[in-house]
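# Next one to model:
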Amino acid sequence: MHRSIDKLALLLATASVCWGFFVFAYASSASCWPRERDALLALKQGINDTHDVLASWQRRRHDCCRWTSVTCNNKTGHVTQLDIGGTGFTGQISPSLISLQHIEYLSLQNTSLLGPNGGVLPEFLCSLHNLRHLDLSHTPYSGGVPARLSNLSNLEYLDLSWTSLHGHAPEFLFSYKNLRHLDLSYTPLSGRLPRQLANCSKLEHLDLSSTLLSSTILPQLGNLSNLRHLGLGFTQDTWTSAISWLNRLHVLEYVDLSGTDLSTDDVFLLANTIPSLKSLILRNCSLPNANQSLARLNLTKLEHLDLSHNHLGHPIETCWFWNITSIKHLALVDTNLYGPFPDALGDMTSLQHLSFNNNGNSATMMVDLKNLCDLETMWLDGGLALGNITEFIWKLPQCSSSKLSILSSSDNNMTGMLPDMVGHLNSLKYIFLSNNSITGAIPSGLRNLTSLEILDLASNKLTGQIPLLPRSLAGLCISKNSLSGQLPLDFGAPNLTELSLYSNYLTGHVTRAICELQNLVTLDLSNNLLEGEFPWCSPMPSMEVLILSNNNFSGNFPSWLQNSSSLVFLDLAVNKFYGTLPAWIGDLVKLQFLQLNHNMFYGDIPVSVTNLILLQHFSLASNNISGSIPSSLSKLIAMTQEHPGRLGSEWYLQEGRNRNVLSLVMKQQELRYGACAVNEMVGIDLSLNHLTGGIPDEITSLKGLLNLNLSWNHLSGNIPMKIGDMKSLESLDLSRNNLSGEIPSSLSDLTYLSSLKLSYDNLAGGIPIGRQLDTLYNENPSMYSGNLGLCGPPLEKNCPGNNAPHHDNQKRIENGYGSVLFFYFGLTAGFAAGLWVVFCALLFKRGWRIAYFHLFDKLYDNMYVLAVVTWGRITSKATAS
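You can find the predicted model right below:
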C-alpha cells in the first residue's frame, strides 16, 4: 500500500516538473498574436513589394515574430518593432496597424506609403501610445502636424525630416519630456523656436536645419548638457546675439550654424574650447577670416570642417587648421583664399574629401600628396591659377591601397600632357579635367582604370586618335579638342551611355562600333568632318539624344531610328541627307526637338509630325520641301502652352558648360543656344523651301511659339486674322512669299514681338497702328518693303479714298480737337490773368482802392436816383390816365 502511494507521489511530481518546464519553454519562445499577424498581412496587401523583401510574411508561417523586419517581445509575443525603412516601398499603409498596440519602434523612412487621406500623415499612427521610436523621414507626407501626435508621450526618438509637412510647428514637438532625438530638418515647418525646448534635458540630437523656423538662437540651449548633435543651419530668419553658450555643451560633437551671421563672434576660439567637437559646419556665416592664431589646439577629434561660402580673402597657408591631422572632410568652396597650399596638407593623413572649387583661380597646388592614402575625392574646379597636369598627377597618392575615386580639376588653366601614369590610380571612378590647356594624346594607360565610369577631357588641346577605353566606362566627353582620324573600330566600353565627341577633326565614315553601344543615351558627333551614310543599327531603346549636325553625312533619313521610342532630341542639321521624311516620324512620341535644316530633304511634310505632342522646336529650313503646311497643328500641344513641359532627359547637365546645342535663324540673325537655354526655346522654322498653299488658321493656336519663320517659300492667301493670339511670339518672318490681303489688325497685340519681317509679299491696305509696330519699323524700315499695295503711315504712300488708314483720320481729329482746346485754354488763362492784375492793384495801392470804391459809390447813387425818378414818372402817368 505504501509502495503504491510512493509511486503515485513520484509520478505526480514528475508530471508537475514536466508541465512547469513546458510552460517555461512556451513562455520563452512565445509566438505572435493572431490579431497582430493579421494586421501585418493587411499591411503587406497594400504594399508594392517588387523585390519580395516581405517574402517571409505568409499566413502559413504562423509565427510573425520570425518574419523579416518584425521583432517581438520574447515573453509576451507582442510585436514591439516594425522596421521597413529604407525599402523604398510604395502603396498604401493599412489602418490595421492600430492593432499593434504594444509596438515601441516604427520606421517608415524612405518609403512612399500613403494613408487613407492620400499624402496627409495618417492620424491612426497617433494611437500607438507605446511608441518610443518614430521615423517618418524621407516620406511624402504633407499637410500640418496632427495635434494627436502629442498623445505619444513616451517618444524618445522623432524624425520628420525631408517631408513636406508644413504650417506652424506645434509647441508639443519641443515638449516631450523623454525626447533624446528630434529631427525636423528640410521640412517647411514655420513658427518661432519655443523656449520650452531648453527644458528637454535628455535631448542628445537636435536638427532644425533648412526649416522656416525663425527666432533668435536661444542661449538656453546651453543648458542641454547631453546634446551631441546641433543642426541649425539655414533656418529661416534665425540670428544670434552671441554664441558663448556653446562652450557649456561639453559633449557636443556636431554643430551646424550655416547661414547665421557670425561676423562679430570669434567662433574658432570658442570652438577650440569644445574638445569633443568632430564636425564644425559654418557655411555662409559672413566669417571675416580664418587666420587666427590659436595658442593651443584642442580640436584633436575634429573630422569635418566646412567653411564654404565665406569671403575669407587671405593666403590659404595662414589658416589655423592645417595642423589638425584628424580632419577627414575639408570644404573651402568659394572662400576667396589664395596663394600656395601649405606643405602641411601633405601630412593630413586622415583626409578623405577635399573641396576647393570656385575660388577664382587664385591658388596653386604644388604639395606632395603621396602619403594621403585615405583621400577619396578631390574637387579643385576653378580654384587653381595654373599648374602642370603631369606634375600634378605624379604628386597624387600612390599607395597600394589608394582610395582616390573622384579627381576634378576643371577650369584651372592646367597645361602639359596627361601622363600614362594616371593608369596606376586604379580606384578612380570619375575624372573631370575639362576646360584646361592639356596637350598631347589621350594616354593609353587609362585602359587600366578598371573602375572608371566618367571621363571628361572636353575643351582642351588634345590631339591624336581615340584610344581603346576602359571597359567599365559609362560616360566619355572629349569634345572641343583637336582629335583627328577615324572613329575606332572598337571603343572597348560596351556599357557607354554618354558619348560626346563634338567639335573635333574626326574624319571618315561612322563605324559599326557605334551600333554596338546598345546602352547609349546620348550620342553627339556634331561639328566634325564625318561623311557617308550612317550605318544601320539595331534599335537603341535607351537613346534620348542624337546630334549629328555640321558634318557631311548623306543618305536617307536614318531608318534605324524608327524604333528609338525614347528619342527626345534629334539634330541632323547642316549635312547632305536627302529623300523624303518618313511617315513613322510621328511615332517618336517623346520627341521635343527636331532639327533637320540645311539638308536636301524633299517631298511633303508628313502629316504625322503633328502627332508629336511634346514637340517644342521644329526646323526644316533650307531643304527642298514642297506641298502645304499640315493643318492639324493644334495637336502640337507643347507649342500651344505658354510654359510647355521641359526636356525630360538630364543629358544637358552632363554636357560641357559652353556647349551650343541649338542654332537657329531668329530676329534676322543666327542665334546659338546653350545646353540650358535651349530648354526654353519654342519655335517652327520652315524657311527656304518650296511650300505652297496658305498659312493654316490653326497655326494661331500655337500660343507658346517664340519664333515662327515661314520666309522664302511660295505661300499664298491671307495672313491668319487671329495671328494676334500668338502672344508669346518674339520673332515673326513671313517675307518672300506670295501672301496677299491686308495685314490683320490683331498683329498689334503681339507686345513681345522684337523682330518682324513682312517684306516682298503682295500685301495691300493700311498698316495697323501700335506702339510696338512703330518701334519695330523705326529699327527696321525695310520690314514692309516690296509690298506695293501697302499704304498709310508709317509709309509715305497715302491710302486712297475711304481706304485711308484709320490712324490718319484719328490724327486729323486729334489735330482739330487740339486747336479748340488751345483756344479755350487761352481764353480762360487771359481772364484769370486780367482778374488777378486788377485784384493785386487794389490790394497794394491804397489810393487806387479809395478811388475805386468812391467810383463804385457814385455809380450806385446815380443808378439809384435814375431808378427812383423813372419809377415816379411811370406812376404819375398811370394816375393821370
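# CA only for contacts and neighbour counts going forward, please
OK.
# Hmm, R228 is touching H205, no?
Yes - in this structure, R228 is within contact of H205 by C-alpha atoms under 8 Å, at 6.0 Å.
# and S96, that one's in a helix?
Yes - assignment of S96 by DSSP: H, G, I helix; E, B strand; the rest coil places it within a helix.
# and the next element down the chain from the helix or strand harbouring G339?
G339 belongs to strand 339-340 when assigned by DSSP states H and E. The first helix or strand that comes after strand 339-340 along the chain, using DSSP H and E, is strand 353-355.
# Which elements pack onto that next one?
Packing partners of strand 353-355 (3 or more C-alpha pairs under 8 Å, 6 or more residues apart in numbering; DSSP states H and E): strand 329-331, strand 377-379.
# Check what contacts the helix or strand just after the last one and list those residues.
The C-terminal neighbour of strand 377-379 among helices and strands, as given by DSSP H and E, is strand 387-388. Residues external to strand 387-388 that are found in contact with it (C-alpha atoms under 8 Å, 6 or more residues apart in numbering): T364, M365, N412, N413, M414, T415, G416.
# for D571, what are its contacts?
L546, I547, L548, S549, F593, L594, Q595, L596.
# Hmm, I typed the wrong one, I wanted L224.
A198, N199, C200, S201, K202, L203, E204, L249.
# likewise S56?
Contacts of S56 (C-alpha under 8 Å, 6+ apart): W67, T68.
# now I217: how far from F268?
Distance, I217 to F268, by C-alpha to C-alpha, to the nearest Å: 18 Å.
# Sorry, slip of the keys, the one I care about is R283.
Distance of R283 to F268, given as C-alpha to C-alpha: 14 Å.
# For these two, indicate the residue with more neighbours.
R283 (25 against 16; other C-alpha atoms under 10 Å).
# How confident was the prediction at that one?
Predicted confidence (pLDDT) for R283: 96.
# overlap in contacts of R228 and H205?
By C-alpha under 8 Å, 6+ apart, no residue touches both R228 and H205.
# re the thing from before, as a markdown table, the helices and strands packed on strand 353-355 with distance to S482 would be great.
Output for those, formatted as a markdown table (distance: least, C-alpha to C-alpha, whole Å):
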| stretch | distance to S482 |
| --- | --- |
| strand 329-331 | 35 |
| strand 377-379 | 26 |
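# out of these, nearest to I874?
strand 329-331 (116.9 Å; C-alpha to C-alpha).
# can you give me the mean pLDDT across that closest one?
On average, strand 329-331 scores 97.
# Then stretch 543-550?
96.
# Okay, now it: how far is its last residue from its first?
20 Å.
# contacts for that stretch?
Stretch 543-550 has contacts (C-alpha under 8 Å, 6+ apart) with 519-528, 564, 566-575, 649, 651.
# one more time with 6 Å, if that's ok
Here stretch 543-550 makes contact (C-alpha atoms under 6 Å, 6 or more residues apart in numbering) with 520-527, 566-575.
# What of stretch 366-373?
By C-alpha under 6 Å, 6+ apart, stretch 366-373 touches D343, G346, T349, K395, L396, P397, Q398, C399, S402.
# what does stretch 734-750 give?
Contacts for stretch 734-750 (C-alpha under 6 Å, 6+ apart): 710-718, 721, 724, 727, 757-765, 768, 770.
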